[in-house]
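Undergrad: Fold the following and give me the result.
(one chain, ligands or ions: 2)
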Amino acid sequence: MRVLSGIQPTGRFHWGNYFGAIRQYIDLQSADAAYYFIANLHALTTVRDAAALKQYTLDAAIDLLALGLDPNQAVLFVQSDVPEVSELMWLLLTGAPMGLLERCVAYKEKKEKGLPAAAGLFTYPVLMAADILAYDADTVPVGQDQIQHIEVCRDLAGSFNHLFGETFVLPKGKVLDDSAKVPGTDGEKMSKSYNNTLEVFEDPKQQRKKIMRITTDSRPMEEPKQPDTDPLYQLFSLVATDAERAEMAALYLRGGFGYGEVKKALADAAERFFGPARARRADLAADEPRIREILADGAARARRQASDVLRRAKAACGLQ
Ligand code: ADP
Ligand code: TRP
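TA: Numbers count the residues shown, from 1 in each chain. Ligands and ions are numbered 1, 2, ... in the order given. As a prediction, the model looks like this:
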């Protein structure tokens with residue numbers, strides 16, 4: 001299995017990113033090959049502040065390493081360090097049907113709202129296809145919202161292969177575990193755009209305050225409650241041990257507790273859960289040259305693979 005995925009550096013990672021994506025990338029890093037990159041070229045379609053993009057990119061690398069991404073197992077790199085991908089994108093663009101891209105939701109939604117859309121947003125799925133094809137990836141773990149882009153990738157690769165001969169490996173999307181849909185502090189899906197996030201490496205005191213402000217229902221304390229449908233319990237169960245989870249579930253079913261206690265238990269469990277990663281992060285952040293070295297080594301390994309595929313594709317379509 002050759003695994004590849006990218007994650008956009010559009011801000012600091014939140015629990016949804018960790019439990020919904022990053023944790024699963026890390027579980028897959030022992031595959032035959034695993035390529036994980038920080039998709040700064042994609043982020044450039046939304047982050048239009050140079051200093052912020054640079055900082056988010058470095059932070060993303062440090063965060064991923066602190067959370068357990070092992071550069072000896074997976075190739076970790078920054079998307080823009082592999083220029084072969086942008087060249088490959090052109091080859092794919094020449095055969096990309098307008099209609100196919102017009103149906104892609106990110107662009108379509110903007111268009112329907114009457115908002116101006118840049119060509120970069122329109123061709124975003126083609127860059128993503130180049131990302132995937134450049135490494136002969138066969139398995140692409142992504143959230144459900146990205147499955148459409150994997151289909152575009154398969155379409156583009158399939159028609160290139162049909163016209164110019166077998167060149168690209170057709171990848172399969174691997175939908176990330178949806179049961180890990182993490183609720184935000186307002187009970188809706190946690191998302192940067194809803195301003196309801198708990199960040200993975202947020203200052204613990206600040207995070208505790210945020211947790212204490214989580215919206216809860218106003219039913220009397222005496223009433224027993226169903227744990228599984230309660231967002232506070234759902235958050236707790238992500239960071240608690242099995243024993244703590246069982247104890248909390250029993251407390252819910254028995255009733256007679258206050259949400260304040262649950263919030264306090266949640267903040268404590270979160271500190272314990274992310275504590276070791278937080279300590280690793282502090283060490284990594286203090287050694288920026290080491291991070292740069294890891295990324296440079298990742299980029300060199302990624303470029304070796306991508307230039308092979310690019311050479312193959314150029315030869316196939318008459319450019320070489
Ligand atoms: P955001 O814009 O909130 O940072 P993204 O859409 O960039 O989120 O998400 C990156 C990845 O993180 C997605 O592939 C998705 O699988 C995962 N993810 C984001 N939010 C959640 C959530 N609330 N629950 C589960 N997974 C999530
Ligand atoms: N578009 C993806 C997202 O927003 C990030 C991404 C870019 C990606 N290139 C990729 C994911 C290639 C998988 C494969 O989440």
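Undergrad: wait, what's in contact with the residue of the chain found nearest ligand 1?
TA: Nearest to ligand 1 in the chain, going by Cβ to the nearest ligand atom, is residue 20, at a distance of 1.8 Å. Any C-beta I mention is one placed from the backbone N, CA and C, and that applies to glycine too. Listed by Cβ atoms under 8 Å, 6 or more residues apart in numbering, the contact partners of residue 20 are 143, 176, 177, 180, 181, 182.
Undergrad: Keep these, but drop any that are not near ligand 1.
TA: 143, 176, 180, 181, 182 (Cβ under 6 Å from any ligand atom).
Undergrad: List the contacts of residue 39.
TA: Residue 39 makes contacts with 6, 7, 8, 9, 79, 131, as judged by Cβ under 8 Å, 6+ apart.
Undergrad: I'd like these laid out as a markdown table, including secondary structure, neighbour count and pLDDT.
TA: Below are the contacts of residue 39 laid out as a markdown table (DSSP: H, G, I helix; E, B strand; the rest coil; neighbours: other Cβ atoms under 10 Å; pLDDT from 0 to 100):
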| residue | secondary structure | neighbour count | pLDDT |
| --- | --- | --- | --- |
| 6 | strand | 24 | 98 |
| 7 | strand | 21 | 97 |
| 8 | coil | 21 | 97 |
| 9 | coil | 27 | 98 |
| 79 | helix | 24 | 98 |
| 131 | helix | 27 | 98 |
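Undergrad: do you know how far whatever residue of the chain ends up closest to ligand 2 is from residue 58?
TA: Relative to ligand 2, the nearest point of the chain is residue 6 (3.3 Å; Cβ to the nearest ligand atom). Distance, residue 6 to residue 58, using Cβ to Cβ, to the nearest Å: 16 Å.
Undergrad: And for residue 295?
TA: Residue 295 is 9 Å from residue 58, by Cβ to Cβ.
Undergrad: Surely residue 73 and residue 32 touch.
TA: No: Residue 73 is beyond contact range of residue 32, at 10.8 Å (criterion: Cβ atoms under 8 Å).
Undergrad: For the closest residue to residue 21 other than its chain neighbours, list the residues it contacts.
TA: Sequence neighbours aside, residue 176 is the residue nearest to residue 21 in space, at 5.8 Å (criterion: Cβ to Cβ, 6 or more residues apart in numbering). By Cβ under 8 Å, 6+ apart, the contact list for residue 176 reads 20, 21, 24, 141, 142, 143, 144.
Undergrad: To which secondary structure element is the fourth one assigned?
TA: Looking back up the chat, that one is residue 141. Assessed by DSSP states H and E, residue 141 sits inside strand 139-142.
Undergrad: Residues contacting that strand, please?
TA: 1-5, 21, 24-25, 28, 31, 132, 149-150, 171-176.
Undergrad: any idea how far the residue of the chain positioned farthest from its centre lies from residue 266?
TA: Most distant residue from the mean C-alpha position of the chain: residue 222, 40.3 Å away (Cα atoms, centre = their mean). Residue 222 sits 21 Å away from residue 266, taking Cβ to Cβ as the criterion.
Undergrad: Among the contacts of strand 139-142, name the ones in helices.
TA: The members of the contacts of strand 139-142 that map onto helices under DSSP state H are 24, 25, 132, 149, 150.
Undergrad: And the pLDDT for the second one?
TA: Right, residue 25. Looking at residue 25, its pLDDT is 94.
Undergrad: Am I right that it is in contact with residue 4?
TA: No: taking contacts as Cβ under 8 Å, residue 25 lies outside contact range of residue 4: 9.8 Å.
Undergrad: Of those two, give the one with the bigger neighbour count.
TA: Between residue 25 and residue 4, counted using other Cβ atoms under 10 Å, the more crowded position is residue 4 (28 against 23).
Undergrad: from what I can see that one touches residue 133, true?
TA: No: judged on Cβ under 8 Å, residue 4 makes no contact with residue 133 at a distance of 9.7 Å.
Undergrad: shared neighbours, the two?
TA: The contact sets of residue 4 and residue 133 overlap at residue 171 (Cβ under 8 Å, 6+ apart).
Undergrad: Contacts only, for the residue of the chain closest to ligand 2.
TA: For residue 6, the contacting residues are 36, 37, 38, 39, 42, 79, 128, 131, by Cβ under 8 Å, 6+ apart.
Undergrad: Check residue 225 too.
TA: 219, 252, 253, 255.
Undergrad: let's see 6 Å
TA: Counting by Cβ atoms under 6 Å, 6 or more residues apart in numbering, residue 225 makes contact with residue 252.
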